[in-house]
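>>> Return atomic coordinates for the entry below.
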Amino acid sequence: MTKSLIPFSRYSIRMAKLDLDFVREFFPGLNRDYIFMDNAGGSQIALPVVERMNDYLFQANVQHGASYEVSQEATERVAEATSLMRQYVNAQHDDEIVLGPSTSMLIRILAMGLVDQWEEGDEVIITNTDHEANVSPWTDLAEKGIVIKIWKFRPDTLDLHIEDLAPMLTERTRIVAMTHSSNILGTINPVREVADMVHSKGIQICVDGVAYAPHRLPDVQTLDVDYYIFSFYKVFGPHYALMYGRKELLERMKGMNHYFIQSTPYKFQPGNVNYEMAYSLVGLCDYLDALAGHHEIEEEGRKGWQKVFDLFTDHEAMIGQQLIHFLKKKEGVKIIGLDHAQPETRVPTIAFSVEGKDSEKIVQQVDPHNIGIRFGDFYAKKLVQDLGITSQKGVVRVSLVHYNTEEEVDALIQVLDEIL
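From the prediction side, this is the model:
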């Protein structure tokens, strides 16, 4: 791995929990007199990510694949980033990592590649809890004769129950597309259980990890998924995205690039990767390495990153419960999702509605206090429609991440206490 550009070695104090002062040093955007709690819409970017991007642009901004030295160096930098992202999601091969502009685009490329292998009458199962990124690319295949089925949450639990999925599977089912964690409910879905079930019937699984990846380190081997996609601008990085695809599946799929490009992942990257944004992802690993060193985590690489995410999880559960405890006491407030912050089953993306109140007006009353939260359906349109709260302008959503503090949550609670 290329050496970090920031001298983090001066930090050596052992920490029993996440050191928020140290964490926040890496996010210059937090220096504004503002509290950012719309992180599920887009997180702040970590300083090492920007430094890696700038370093590429100033030192290696040339086309790849030439014989001269700088071109070779630039090629190696992007290859290094790809290899690190392979480790990041625990894939087996570098060419299982497809980098691209967004989760929406990568899933659409995937759907277009897969439908070429299917026949009219084949089936795709989606859920009514997903962001449209993992819905529209599949429902659009109805134009090609693909049958779309919807696995719905139960109204009494707001959960996807695997028992409801089982009878939907047939010999014509080709793929189940689901979210790892809803960007409204915050619920962590049983992806491995679903993978086991569908694989036993020769069916593939595609998982949208966008709302999960800021809070947990994805592990595609443990999940045993066929495809896993998420966006880095919600994981402290640039507006860029990653799709993991099982090697043998990607290799037999039709690509989207020029006819003479048949290698994976390049055949899924028309126009090639964005070099500087790809290389900037090394900075995400720099950040995690710095936190691991500061907290005296002995393991290196992915094992160390996992322990850093464990610190994130503990802290997020605490501040998530802090907000949920307040909301549960307020009359007329309905938490949309689990009413606790147990990290095994939810992430701190906390949505609620208020009886008789418009979600937009609630958020607008928060805005003057320099606290960024949000209202709406967050492109999970089927979920909001099926909850029956479209007329209320959807939900109020507070989405916390590890750099948010107890004091920030207290500030939001004080404002909401006056409004609700």
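>>> So which residues of the protein form strands?
Taking DSSP state E, the strands of the chain run over residues 35-36, 97-100, 123-127, 147-151, 173-179, 204-208, 227-231, 241-245, 333-335, 349-354, 371-372, 374-376, 395-399.
>>> Would you check that residue 319 makes contact with residue 406?
Yes. Using CB atoms under 8 Å, residue 319 is in contact with residue 406, at 5.9 Å. C-beta: built from backbone N, CA, C; applies to glycine.
>>> out of those two, which sits in the busier spot?
Ranked by neighbour count (other CB atoms under 10 Å), residue 319 and residue 406 place residue 319 first, with 21 against 12.
>>> Any idea how many residues pack against the residue nearest to that one when sequence neighbours are not counted?
Leaving aside its sequence neighbours, residue 319 sits nearest to residue 409 (CB to CB, 6 or more residues apart in numbering; 5.0 Å). Applying other CB under 10 Å, we find 22 residues neighbouring residue 409.
>>> pretty sure residue 409 contacts residue 325?
No. Residue 409 is beyond contact range of residue 325, at 10.2 Å (criterion: CB under 8 Å).
>>> Throw the strands of the chain into TSV and include mean pLDDT, distance to residue 134 and mean neighbour count, thanks.
Formatted as TSV, those follow (pLDDT from 0 to 100; distance: least, CB to CB, whole Å; neighbours: other CB atoms under 10 Å):
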stretch	mean pLDDT	distance to residue 134	mean neighbour count
strand 35-36	98	25	22
strand 97-100	98	15	24
strand 123-127	98	7	23
strand 147-151	98	12	16
strand 173-179	98	5	24
strand 204-208	98	4	24
strand 227-231	98	8	26
strand 241-245	98	12	27
strand 333-335	97	24	18
strand 349-354	98	16	26
strand 371-372	98	25	18
strand 374-376	97	18	20
strand 395-399	98	18	28
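>>> Mind putting these into a markdown table with distance to residue 54?
A markdown table is the format used below for the strands of the chain (distance: least, CB to CB, whole Å):
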| stretch | distance to residue 54 |
| --- | --- |
| strand 35-36 | 23 |
| strand 97-100 | 19 |
| strand 123-127 | 40 |
| strand 147-151 | 44 |
| strand 173-179 | 34 |
| strand 204-208 | 30 |
| strand 227-231 | 21 |
| strand 241-245 | 21 |
| strand 333-335 | 42 |
| strand 349-354 | 31 |
| strand 371-372 | 26 |
| strand 374-376 | 30 |
| strand 395-399 | 28 |
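>>> can you tell which of these is closest to residue 51?
strand 97-100 (19.2 Å; CB to CB).
>>> Could you spell out the sheet neighbours of that closest one, each with its direction?
strand 241-245 (antiparallel) (DSSP bridges).
>>> from memory residue 170 sits against residue 123, does it?
Yes. Contact between residue 170 and residue 123 holds when scored by CB under 8 Å: they sit 6.4 Å apart.
>>> Between its first and last residues, how far does stretch 138-145 reach?
11 Å (CA to CA, to the nearest Å).
>>> And it, what's buried?
138-139, 141 (16 or more other CB atoms under 10 Å).
>>> how close does residue 90 sit to residue 156?
Separation of residue 90 from residue 156 (CB to CB, to the nearest Å): 35 Å.
>>> okay, the two: which has more neighbours?
Between residue 90 and residue 156, residue 90 has the larger neighbour count (other CB under 10 Å), namely 16 against 6.
>>> No further questions, thank you.
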